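Peer 1: model this:
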Amino acid sequence: MDLELFLADLSGRFDTRRRLEMDRLVEDLTDAERVGVTLSSRMIAMRGRHLDVLLRGGERLGGVVVDVAESWVLVRTAGGDSLVPLSAVVAAWPMGGVVAGGPGPGDRVGIDHVLREAAGLGLPVVIDHDAGLHTGVVVAVLADHFDLDPVDRSVRGGGGAGSAAMDSPLVLSLSGIRRVRLLGPLG
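Peer 2: Numbering: from 1, shown residues only. Predicted structure coming up:
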């Protein structure tokens, strides 16, 4: 037996096995990385670019991505800015790549924080909610819901026996928000 041919064959088989192992490792690492990719990290890559989103309930919103946090995207449309919870987004296109690391520690401001600030400033808001479209002033933001003093008090019903008092705020769940628009100037 030719020892040189034997060693060459052994070396070739070793190299082939190493390439296969490396290919499998790359596949495993790629899969592991994809598992951690969030919608917000993909939307961060869309900052400054046009994005169409389809919201729960069927509304389509198209505009430029202004800002993104862990739980929302700010979209600028011809009609103004809309703060959209990512939980309300059921589809988005076209999507770009991924920003390494996703949102940073400062990007954890939630919609509840935005509503608290609007309440503190007395800013009127338009809330597109699973319970309808409501305009008013946020009175209080609690753990999983908020109180809204609506501009149109007819949303409460006829005012008959057993109905809520007309001067009480409307209570809405935070999870039902599809988008928020602030009305009036800041500051």
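
Peer 1: so for stretch 32-39, what gets flagged as buried?
Peer 2: residue 39 (16 or more other CB atoms under 10 Å). Using the backbone N, CA and C atoms, a C-beta is placed for each residue, glycine as well.

Peer 1: ends of that stretch, what's the gap?
Peer 2: 16 Å (CA to CA, to the nearest Å).

Peer 1: gap between residue 35 and residue 26?
Peer 2: Separation of residue 35 from residue 26 (CB to CB, to the nearest Å): 15 Å.

Peer 1: please name the bridge partners of residue 125.
Peer 2: Note on residue 125: beta-bridge partners by DSSP bridges are residue 136, residue 182.

Peer 1: how many neighbouring residues does it have?
Peer 2: Residue 125 has 21 neighbours, counted by other CB atoms under 10 Å.

Peer 1: who's in contact with it?
Peer 2: When contacts are counted by CB atoms under 8 Å, 6 or more residues apart in numbering, residue 125 touches 115, 118, 135, 136, 137, 138, 148, 180, 181, 182, 183.

Peer 1: per-residue confidence for the last one?
Peer 2: By that I understand residue 183. With respect to pLDDT, residue 183 scores 89.

Peer 1: quickly list the domain ranges of this structure.
Peer 2: According to automatic domain parsing, the chain comprises the domains 1-35, 39-108, 111-182.

Peer 1: pretty sure residue 96 contacts residue 49?
Peer 2: Yes - here residue 96 reaches residue 49: they are 6.8 Å apart, a contact under CB atoms under 8 Å.

Peer 1: more neighbours: those two, which one.
Peer 2: residue 96 (14 against 11).

Peer 1: what sits against the closest residue to residue 56 other than its chain neighbours?
Peer 2: Closest residue in space to residue 56, ignoring its immediate chain neighbours: residue 88 at 5.0 Å, by CB to CB, 6 or more residues apart in numbering. By CB under 8 Å, 6+ apart, the contact list for residue 88 reads 55, 56, 177, 178, 179.
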